[in-house]
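Structural data only, the sequence is not supplied:
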Ligand code: FO1
Ligand code: CA
């Protein structure tokens, strides 16, 4: 990043949940540990050089759930967060306190990590269940993702409490004052879609004088990682780079995008996007290393710059 650039990352916090009396915020922590160089790169979540004694001890007591594991190092983060929340601090201030350790040494005040909201909101997924009178069962996002491995079809996605939330302090201000807003190649339904569903955030993106550019999480007919396919099917959106871009929509037509990057393999979809008023280009979209990721960012800037 240019030395004078200021980056604000707004993270989804509807995947959060309480477990063993601790508040876990996976997306905030994944961003914090990744940018702070503490992430386990292979797993893509949690701490590097992790140990699992607490998890093993809990299992020995027969404490459920055993399918979701908190590492010993990671638990320290959750203890600090939970104590601060219980003392009355909002999540945005707790996040700032945690980032003092992880981000400040390397980035000073040039990088800010914010939860999308300080309010409680949870993503729940309805799945088919023959044993239930309604034929359905609703599980927390973590149960769908970790225990069920997103292997059963998601019939419906419910964001419990989302319409009652307000953006965390600094979120709308960062969007309004930005030179560029980037929608990352994350899940368009349960990550970016959740953030856009916080009343006021979509409106701020529609109104910002900054250019808004997104990167497709779909390459060919499938997601690069995660579970975008299952989620797009659940809301009836075409699983393709253009399908996702068109679902976000052109800012000129009531949507949120000025530009949309698709992978080279999807170059044939550029014309469809441009016809809908979205500037589009096809470039390599695999985050194989830092250089490839930096080239994606540069292409995004060039597209709408
Ligand atoms: N993912 C798993 O597949 N298994 C786990 O036991 C697990 C524990 C966990 C603990 C803390 C944390 O921050 C993330 C954790 N994750 C785990 C990943 C988590 O499910 C995902 O990062 C996201 O929620 C996906 O958006
Ligand atoms: Ca997530």
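Perfect, thanks for sending it. Computed from a predicted structure; not experimentally measured. Ligands and ions are numbered 1, 2, ... in the order given.

Neighbours of the closest residue to residue 160 other than its chain neighbours, how many?
Residue nearest to residue 160 in three dimensions, not counting chain neighbours: residue 122, with 4.8 Å by C-beta to C-beta, 6 or more residues apart in numbering. Just so you know, the C-beta spots here come from the backbone N, C-alpha and C atoms, and that holds for glycine as well. If you count neighbours by other C-beta atoms under 10 Å, residue 122 ends up with 18.

Pretty sure residue 122 sits against residue 157.
No: counting by C-beta atoms under 8 Å, residue 157 is not a contact partner of residue 122; they are 11.3 Å apart.

sorry, back to before: if I pick the residue nearest to residue 160, what's in contact with it?
Taking C-beta atoms under 8 Å, 6 or more residues apart in numbering as the criterion, residue 122 is in contact with 14, 16, 17, 140, 141, 159, 160, 161.

in its sheet, what does the helix or strand hosting residue 282 sit against?
When elements are defined using DSSP states H and E, residue 282 is found to belong to strand 279-283. In its sheet, strand 279-283 lies beside strand 259-263 (parallel), with partners assigned from DSSP bridges.

what distance separates the partner strand from the middle of the whole chain?
When distances are taken as C-alpha atoms, centre = their mean, to the nearest Å, strand 259-263 is centred 18 Å away from the chain's centroid.

What lies in contact with that strand?
Residues external to strand 259-263 that are found in contact with it (C-beta under 8 Å, 6+ apart): 211-216, 219-220, 241-242, 245, 248, 269-270, 273, 278-286, 296, 299-300, 303-304.

How many neighbouring residues does residue 161 have?
The number of residues packed near residue 161 is 13, by other C-beta under 10 Å.

Looks like residue 185 contacts residue 293 (just checking).
No: Residue 185 is not in contact with residue 293 according to C-beta under 8 Å; the separation is 10.2 Å.

More neighbours: the two, which one.
More neighbours surround residue 185 than the other of residue 185 and residue 293, with 27 against 13 (other C-beta under 10 Å).

Could you tell me how many residues sit around residue 25?
23.

and it, what pLDDT?
If you check residue 25, the pLDDT there is 98.

how close does the residue nearest to it when sequence neighbours are not counted get to residue 252?
With C-beta to C-beta, 6+ apart as the measure, residue 16 is the residue that lies nearest to residue 25, at 4.7 Å, once sequence neighbours are left out. To residue 252, residue 16 is 35 Å away according to C-beta to C-beta, to the nearest Å.

okay, those two: which has more neighbours?
Comparing residue 16 with residue 252 by neighbour count (other C-beta under 10 Å), the higher total belongs to residue 16, at 23 against 11.

May I have the phi/psi pair for the more buried one?
Here the main-chain torsion angles of residue 16 (degrees, to the nearest 10) amount to phi -70, psi 150.

was I right about it contacting residue 30?
No: distance between residue 16 and residue 30: 11.9 Å, which falls outside the contact criterion (C-beta under 8 Å).

next one: whichever helix or strand residue 31 is part of to chain centre, how far?
Residue 31 belongs to helix 26-35 when assigned by DSSP H and E. From the chain centre to the centre of helix 26-35 is a distance of 10 Å (C-alpha atoms, centre = their mean).

No further questions, thank you.
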